[in-house]
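**Q** how does the following fold in three dimensions:
(3 chains)
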Amino acid sequence: MPSRINLEQTINSGQVFLWQKCGKFWYGINGQDVLKCNGMGVVESFCGGVTDFFGTSRDDVIVRKSISRDKRVCDAMMQYPGLRLLKQDTFQCMITFITSTNASIQKIQAGLKMLCRKFGNMVEFDGLEFFLFPEPDILAHASLAEIQKCGIGYRSKYVKHAAQMISDGTINLEDAGKMKYHEARKYLCDIPGVGNKVADCILLFSLEMDEAFPLDRWVLRILQEYYPDFEINTKSITEKQYDIIHDMAVEYFGPHAGHAQQFLFKMERDKHNKKWL
DNA sequence: CCAAGGCCTGAATG
DNA sequence: ACATTCAGGCCTT
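**A** Numbering: from 1, shown residues only, chains lettered A, B, ... in the order given. This next block holds a predicted model:
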């Protein structure tokens, strides 16, 4: 039985940063669209089109049954029955996680808001003003100095270069979604500012690739603390170690390992009282 | 001065 | 000659 989506749990799980609660509704920027949601899902879209932002088209029963092979993931699913993996705008997702390196959630959010305010179009929706996410062309042609004013530091040049690669067609994010997992991850790593971790975030949060298993400091900590069989003994990992650990994770958690990662990540951060949006 | 959801570069190793 | 690993640096609050 598929459980209902819970906005609080889903928005506050580190997948998105441009969301805010206004009264009883959540509003979020998704590319050139603004989504308005109640506690359970999208109720209105600025563009008026149908979006499957919450990935309701995927068979959640299959996914949950698959990752419930692990006891701890099972517990986390009980704790967060409404947590879902999203299908975000791919370009926004890419820029988001490029800016996320070495940054806290609050800092990521501040930087992205500035990018939107400076380079995105302002629209009025539901009596409120929003700044949409900058389009690839705009960021590609923006001056580096202007991008730097958004407070994203050394990531600025990556943002510009990455936007250029999307803008001129060197990289096609939708194409990545059609490749096999390892090929897709490698393909995305050609983008400046994108390493294995960021590539996995793009694949998992916007391209429905469930084998993607972002290995950040938190997930590494989780694995070494609760999964001794993984034998994680380093704090930071090399390219090759990333591969090995990733493949072990898919072997253990199954083809939908990325979902397992999201539940574990959410649970561990809450346990440490880390702040969300 | 340190920490915060990595990535890139150059140099050393095998 | 290669493929890996290692150590710093990096913007900002």
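**Q** chain neighbours aside, what residue packs nearest to residue A:198?
**A** residue A:97 (4.4 Å; Cβ to Cβ, 6 or more residues apart in numbering). Quick note: C-beta positions are derived from backbone N, CA and C, even for glycine.
**Q** just checking, the one you found touches residue A:204?
**A** No. Using Cβ atoms under 8 Å, residue A:97 is not in contact with residue A:204; the gap is 10.2 Å.
**Q** can you report how many residues neighbour whichever residue of the stretch 151-277 of chain A sits closest to DNA strand B?
**A** Taking Cβ to the nearest atom of the strand, DNA strand B has its nearest neighbour within the stretch 151-277 of chain A at residue A:195, 2.7 Å off. Neighbour count for residue A:195, taken as other Cβ atoms under 10 Å: 16.
**Q** pretty sure it contacts residue A:186?
**A** No. Residue A:195 is beyond contact range of residue A:186, at 11.2 Å (criterion: Cβ under 8 Å).
**Q** can you pull out the strands in chain A?
**A** Listed in chain order, the strands of chain A (DSSP state E) span A:19-22, A:25-30, A:33-37, A:42-45, A:122-125, A:128-131.
**Q** which of those has the lowest average pLDDT?
**A** With a mean of 90, strand A:42-45 has the lowest mean pLDDT of these.
**Q** how about it: buried residues?
**A** A:42, A:45 (16 or more other Cβ atoms under 10 Å).
**Q** contacts made by that strand with the rest, please.
**A** Residues outside strand A:42-45 that contact it (Cβ atoms under 8 Å, 6 or more residues apart in numbering): A:25, A:33, A:34, A:35, A:36, A:37, A:51, A:53, A:54, A:126.
**Q** against residue A:147, how distant is the residue in chain A that DNA strand C sits nearest to?
**A** Going by Cβ to the nearest atom of the strand, DNA strand C is nearest to residue A:153 of chain A, at 2.4 Å. To residue A:147, residue A:153 is 10 Å away according to Cβ to Cβ, to the nearest Å.
**Q** which one's more surrounded, these two?
**A** Shown here are residue A:153 and residue A:147; by other Cβ under 10 Å, residue A:147 has more neighbours (23 against 14).
**Q** which residues does that one contact?
**A** Taking Cβ under 8 Å, 6+ apart, we find residue A:147 in contact with A:115, A:139, A:156, A:159, A:160.
**Q** at 6 Å what do you get?
**A** If you count contacts by Cβ atoms under 6 Å, 6 or more residues apart in numbering, residue A:147 has them with A:156, A:159, A:160.
**Q** what of residue A:156?
**A** Listed by Cβ under 6 Å, 6+ apart, the contact set of residue A:156 reads A:144, A:147, A:148.
**Q** and DNA strand C, which of the residues you listed reach it?
**A** Counting by Cβ under 7 Å from any atom of the strand, residue A:148 from the contacts of residue A:156 sit close to DNA strand C.
**Q** what parts of the stretch 101-250 of chain A come near DNA strand C?
**A** Within reach of DNA strand C by Cβ under 7 Å from any atom of the strand, the stretch 101-250 of chain A has these residues: A:102-103, A:107, A:148, A:151-155, A:238-241.
**Q** of those residues, keep whichever come out buried.
**A** For these, a burial check counting by 16+ other Cβ under 10 Å picks out A:103, A:107, A:148, A:152, A:155, A:241.
**Q** max pairwise distance over those: which two?
**A** Between any two of these, the greatest separation by Cβ to Cβ is 32.7 Å, found for A:148 and A:241.
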